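Undergrad: got a predicted structure plus its sequence, pasted below:
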Amino acid sequence: MTINKVDQATILIVDDNPTNLKVLSEAIANSGWEILVATDGETAIDQSEYATPDLILLDVMMPGMDGFETCRRLKSNPATNEIPVIFMTALNDTVDKIKGLSLGAVDYITKPFQTEEVLARLQVHLQLHFLTKQLEDQNLYLEERVAERTADLQQANQQLRELEAQLRKALAQEQEFNHLKSRMIIAISHEYRTPLTSILSSSELLEAYCHRWDKSKQSQHFQRIREAVQRITDLMGNVMFLNKAEFEQLEFQPTPLDLGVFVRDLVDDMQHNYGEQHRLILKIDQQCGRPLFDSKLLLQILTHLIDNAIKYSPNGGKVLIKFACQNNQVIFEVSDDGIGIPRKDQHNLFNAFHRGSNVENISGSGLGLAIVKKCVDIHGGTISLNSDISLGTTFTVMLPRRVLDADQLLKVTGKSIPDYQSGSHFLH
């Protein structure tokens, strides 16, 4: 490929002497090369920019712009600085030759010309020129290939790092799952033992003494069995709910919710269920309108927090439930005057099956607060606590307050604001 390029080369001859031009043109033409001709430096520069010859034969001694200045300008122009320049001169001064070479010329031809010498030098320098260009092109190609391969390798390494991170995460999740499963089995076994023992005991007593006991005595044991079954049912419900949360299978379906009605109904129901053993106090600092919440998940949050407040408070104690809206957030607080939570236990409290070290014989599975945390996270909120031993605990839940305007409300629910104002939300 290089030989073909040499045979098809274009040579620009620059000389103000017509005789020299004629001699050189004939000799070069007979060798098959294409010829361009210029009689002064300015023309030579213009032709070089326009035609880009493969080599320039440049006379040193010319009127106006001499060969040295012409060469300097050719080499200072990015469009022509790589074209080889061979000076033609009658000067035999070493200083002039050094000057020409320092300006970027590749060779000198001394007048009068020897045709064979001229053609030989042209052949050599054209081959050098094209080989150099070919080498530069090859280097550029190799650099591009290296850059591509480097980018491919970097991408492959990044993918490997990501896969490794995913694998480590999967292994960590598997280990956490196995740990959770072990804790779950231990906790469930422990929690089942008491209600199952109660069921077994009451059923055996009923079987042995049913014919001797009056209706009141029998009812007591039937009630014990029902309560034990309900406790087992609740425990299984909590385990199933937490399992769905752990594997991100819980549905999040926020709808406009009248919080005042929602919380008031919940507190009334729980006060009815717990009777006079504890006093539940609801304080609404500010109406919040109808923000978007998932009612089932919000029910889990408030029910577990209030249940815990009651469970760990003395009989006759009070539980304060507050909520208000501040800075586009809905803030719920549940406070009790119970046993409190040791500081060393607080950082693990929202992990499944973790309980305070001071609970002693108070029954519980350690699932409630883990469920609360999952439901709060799904809403994009936060939960915190403040607790002192023997003085009580306050849990604070902060959830983003998102509301719909009238048109959005009608589109999502099919109800207008007046329809909502005329009705109430009840728990299901």
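TA: Noted; the coordinates are in hand.

Undergrad: a strand runs through residue 37, doesn't it?
TA: Yes: assigned with DSSP: H, G, I helix; E, B strand; the rest coil, residue 37 falls within a strand.

Undergrad: give me the pLDDT value at it.
TA: Note on residue 37: pLDDT of 93.

Undergrad: so what sits opposite it in the bridge?
TA: Residue 37 has these beta-bridge partners by DSSP bridges: residue 13.

Undergrad: so it versus residue 71, what's the distance?
TA: 18 Å (CB to CB, to the nearest Å). From N, CA and C alone the C-beta is placed, and that goes for glycine too.

Undergrad: show me which of the two is the more surrounded one.
TA: Neighbour count, other CB atoms under 10 Å: between residue 37 and residue 71, residue 71 has more, with 25 against 17.

Undergrad: skipping adjacent residues, who's closest to the more buried one in space?
TA: Excluding the flanking residues, the one nearest residue 71 by CB to CB, 6 or more residues apart in numbering is residue 103, at 4.7 Å.

Undergrad: for residue 115, same thing?
TA: The shortest distance from residue 115 to any non-neighbouring residue, by CB to CB, 6+ apart, is to residue 27 (4.7 Å).

Undergrad: for the helix or strand the one you found falls within, name the packing helices and strands.
TA: Using DSSP states H and E, residue 27 falls within helix 18-30. Applying 3 or more CB pairs under 8 Å, 6 or more residues apart in numbering; DSSP states H and E, one finds that helix 18-30 contacts strand 10-14, strand 34-38, helix 115-209.

Undergrad: mean confidence (pLDDT) on the first one, please.
TA: What that stands for is strand 10-14. Mean per-residue pLDDT for strand 10-14: 93.

Undergrad: so which bits of that strand are buried?
TA: By 16 or more other CB atoms under 10 Å, the buried positions in strand 10-14 come out as 11-14.

Undergrad: re earlier: next, the residue nearest to residue 71: phi, psi?
TA: Main-chain dihedrals, residue 103, degrees, to the nearest 10: phi -80, psi -10.

Undergrad: show me what contacts the closest residue to residue 259 other than its chain neighbours?
TA: The spatial neighbour of residue 259 that comes closest, neighbours along the chain excluded (CB to CB, 6+ apart), is residue 288 at 5.0 Å. Residues near residue 288 by CB atoms under 8 Å, 6 or more residues apart in numbering: 259-260, 323-325, 330, 401.

Undergrad: surely residue 288 forms part of a helix?
TA: No: going by three-state DSSP, the assignment for residue 288 is coil, not a helix.

Undergrad: just send the helices and strands packed on helix 18-30 back as JSON lines, with distance to residue 67 too.
TA: Shown next, in JSON lines, are these (distance: least, CB to CB, whole Å):
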{"stretch": "strand 10-14", "distance to residue 67": "7"}
{"stretch": "strand 34-38", "distance to residue 67": "11"}
{"stretch": "helix 115-209", "distance to residue 67": "16"}
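
Undergrad: now flag whichever of the buried residues of strand 10-14 is closest to residue 370.
TA: Nearest to residue 370 among these is residue 12, at 86.0 Å by CB to CB.

Undergrad: isn't the closest one right up against residue 59?
TA: No: using CB atoms under 8 Å as the test, residue 12 is too far from residue 59 to be in contact (11.5 Å).

Undergrad: thinking again about what came up before, looking at the contacts of residue 288, which are in strands?
TA: Within those, residues falling in strands by DSSP state E are 323-325, 330.

Undergrad: under the pLDDT cut-off, which ranges of the stretch 201-350 of the chain? List them.
TA: Within the stretch 201-350 of the chain, the ranges that satisfy pLDDT under 70 run 231, 234-235, 237-239, 242-249.

Undergrad: mind listing the strands for the stretch 301-428 of the chain?
TA: Under the criterion DSSP state E, counting those that start in this stretch, strands of the stretch 301-428 of the chain are mapped to 318-326, 329-336, 382-388, 392-400.

Undergrad: okay then, goodbye and thanks.
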